[in-house]
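In: predicted structure and sequence below. I'll ask about it afterward.
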Amino acid sequence: MQRRRIPTVFALFCLLSALLSANFGVAQNPGQGLSDRMIVGYQGWFGCPKDFDDNKYWQHWFVKGVAPENFTVDLLPSVRDIDPKDLCLTQLHRPDGSPIYLYSAQNANVVLTHFRWMKDHGIDGAAVQRFIGPIADPVKRERSDNVLRNAMAAAEKQGRVFYICYDISGAEAATVIRDVRADWQHLVNDLKLTASRSYLVDHGKPVLELWGFGFSDRPGNADEVGQLINDLKAGRQGLAAATLVGGVPTNWRTLTADSKSDPAWAGVFRSYDVISPWSVGRFANDEGADAFYRDHLQPDVVETRRLGIRYMAVIFPGFSWSNLMRNRGQQGALNATPRRCGNFLWHQVVNALDARVNALYGAMFDEVDEGTAMFPTETRADKLPDKAKLVFLNEDGCSLPDDWYLRVLGKAADHMRHHSKPARELTAELRP
């Protein structure tokens, strides 16, 4: 009897170990911190009529009504995995006559599905965006609050982590610092986000990202921002203490180009706990990515190590904002930065891991507006609305599944987590 039991127990032990080690089965421990994480940026700004509090608008989908020429996005989400009752029916159709559905992040079931996709692909979780400018409007603030509640519930149910990323784009210069202070108190004390079992904690404090301070075209002066950072790190002036990520300009180290040039910003940037310089749109091919690695990424990592702070590299799959720009009266090329079947993204992953960065930030999970979305999108031209000008995943001669970019991120996450060296060619890691 004993000889029969031992193999059975051993087999069960092996099976349990395999399940626990699989990406999709591991509940992410929020207390382990930010290091070795794969985080995706989550906009959550999409809406449709009647989704919440009598909303009447297609938010971030169309301007001036539902029509192919009124799209403000360049990619169409694949919603095959979402129950049609949770989707928004448009008046648009594919060439075969089938209807086009979109979604709203006001719907908790939709956000739950998004976080399940993160789980299924081994992605740790999301930096949920909170735009400071719109929250001055009570209606817009409540919509944003609702997305945060949905994200918190989804992260808890799917065993993912999340944290808040404040984006100051479009905020009022005169009030931006005060608004950040007041809103952080609101999120902590009223919504109680940081009390969630899924809110990411690093060095005993909840993680908070400040994105945009110090950019040449964003508000905020160095003295006020520096004081805000100090108060947030120390938990002063009624603010809950936080581990701070700085979403900083590409040229934060040299105070040139996209960075403000006042020397005071040098100290501000270096006061963050984690530096995450923006890279989206800074290059458009592998040669440009290698130049970015040589001129920015490598010396940035050297500087952050010298300072004793951490570095979170931003990676993106491609870029396209033709419809968004056209509806603003400007021009933007369709498929401006080709994805090349995931090879453009993978090249950045290899460079970032070669530099031994502390974490990876995928920009973005859901931003179809600028064509950087990595969640499932339509793969073929015949799946797009008739007469619409949109990018599709097979655009560059591929034959891909709609979740291809989540698969690529999942493989990058696995290398990040295990400190292993990736193959330089994506085809050696993943095959469609």
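Out: Thanks, I have the structure now. Numbering: from 1, shown residues only.
In: can you map out the strands along this protein?
Out: Remark: strands assigned in the chain by DSSP state E are 38-42, 88-93, 99-102, 125-131, 161-167, 201-202, 205-211, 243-247, 274-275, 310-315, 359-362.
In: give me the neighbour count for the closest residue to residue 384 other than its chain neighbours.
Out: With sequence-adjacent residues excluded and distances taken as CB to CB, 6 or more residues apart in numbering, residue 384 is closest to residue 390, at 5.1 Å. Using the backbone N, CA and C atoms, a C-beta is placed for each residue, glycine as well. Neighbours of residue 390 under the rule other CB atoms under 10 Å: 24.
In: that older thread, could you dump the strands of the chain to JSON lines with distance to residue 55 and mean neighbour count?
Out: Below are those laid out as JSON lines (distance: least, CB to CB, whole Å; neighbours: other CB atoms under 10 Å):
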{"stretch": "strand 38-42", "distance to residue 55": "20", "mean neighbour count": "28"}
{"stretch": "strand 88-93", "distance to residue 55": "11", "mean neighbour count": "16"}
{"stretch": "strand 99-102", "distance to residue 55": "14", "mean neighbour count": "19"}
{"stretch": "strand 125-131", "distance to residue 55": "17", "mean neighbour count": "25"}
{"stretch": "strand 161-167", "distance to residue 55": "21", "mean neighbour count": "25"}
{"stretch": "strand 201-202", "distance to residue 55": "34", "mean neighbour count": "21"}
{"stretch": "strand 205-211", "distance to residue 55": "26", "mean neighbour count": "24"}
{"stretch": "strand 243-247", "distance to residue 55": "28", "mean neighbour count": "25"}
{"stretch": "strand 274-275", "distance to residue 55": "35", "mean neighbour count": "23"}
{"stretch": "strand 310-315", "distance to residue 55": "31", "mean neighbour count": "23"}
{"stretch": "strand 359-362", "distance to residue 55": "28", "mean neighbour count": "25"}
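In: okay if I get the ones you listed as CSV plus distance to residue 349?
Out: CSV is the format used below for the strands of the chain (distance: least, CB to CB, whole Å):
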stretch, distance to residue 349
strand 38-42, 10
strand 88-93, 34
strand 99-102, 30
strand 125-131, 18
strand 161-167, 20
strand 201-202, 22
strand 205-211, 21
strand 243-247, 19
strand 274-275, 19
strand 310-315, 6
strand 359-362, 7
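In: let's have those in JSON lines, adding distance to residue 69 and mean pLDDT.
Out: Below are the strands of the chain laid out as JSON lines (distance: least, CB to CB, whole Å; pLDDT from 0 to 100):
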{"stretch": "strand 38-42", "distance to residue 69": "28", "mean pLDDT": "98"}
{"stretch": "strand 88-93", "distance to residue 69": "11", "mean pLDDT": "97"}
{"stretch": "strand 99-102", "distance to residue 69": "14", "mean pLDDT": "98"}
{"stretch": "strand 125-131", "distance to residue 69": "26", "mean pLDDT": "98"}
{"stretch": "strand 161-167", "distance to residue 69": "28", "mean pLDDT": "98"}
{"stretch": "strand 201-202", "distance to residue 69": "45", "mean pLDDT": "98"}
{"stretch": "strand 205-211", "distance to residue 69": "32", "mean pLDDT": "98"}
{"stretch": "strand 243-247", "distance to residue 69": "33", "mean pLDDT": "98"}
{"stretch": "strand 274-275", "distance to residue 69": "41", "mean pLDDT": "98"}
{"stretch": "strand 310-315", "distance to residue 69": "32", "mean pLDDT": "98"}
{"stretch": "strand 359-362", "distance to residue 69": "30", "mean pLDDT": "98"}
